[in-house]
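Peer 1: Give me coordinates for this.
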Amino acid sequence: MVKAKTLEEWRQEIKREVRFVDIKPYSHNIINISLQAIASRFGRDEANKAIRDFHLEEFGWKES
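Peer 2: Model (predicted):
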């Protein structure tokens, strides 16, 4: 059985990938999946906080 990731683990995933946006393939996808997982499990406010904290607006993500 796979253990569900914690909020901090999802945030670390975003932190690892954000520097590779538009450089490495799939970085956008990994960040999208991470944000969706955060919103689904921890709420939209947490996903919006991640967007702000990691300055994802610069790469096209918007708070909702």
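Peer 1: Tell me which residues are up against the helix or strand hosting residue 13.
Peer 2: Assigned by DSSP states H and E, residue 13 falls within helix 7-18. Helix 7-18 has contacts (CB atoms under 8 Å, 6 or more residues apart in numbering) with 5, 24, 27, 30-31, 34-35, 37-38, 41-42, 46, 50, 53-56, 59. For glycine as for every other residue, the C-beta is placed from the backbone atoms N, C-alpha and C.
Peer 1: Go again with 6 Å.
Peer 2: By CB atoms under 6 Å, 6 or more residues apart in numbering, the residues outside helix 7-18 that reach it are 27, 30, 31, 34, 37, 38, 42, 50, 54.
Peer 1: how about the helices of this structure, start to end?
Peer 2: Using DSSP state H, the helices found in the chain span residues 7-18, 27-42, 44-53.
Peer 1: ok, the residue lying closest to residue 20 once chain neighbours are set aside - how many residues close by?
Peer 2: Spatially, and ignoring its direct neighbours in sequence, residue 20 is nearest to residue 27 (4.3 Å; CB to CB, 6 or more residues apart in numbering). Number of residues near residue 27 (other CB atoms under 10 Å) recorded here: 18.
Peer 1: Tell me how far residue 10 lies from residue 62.
Peer 2: 19 Å (CB to CB, to the nearest Å).
Peer 1: These two: which is more packed in?
Peer 2: Taking neighbours as other CB under 10 Å, residue 10 and residue 62 compare with residue 10 leading, 22 against 8.
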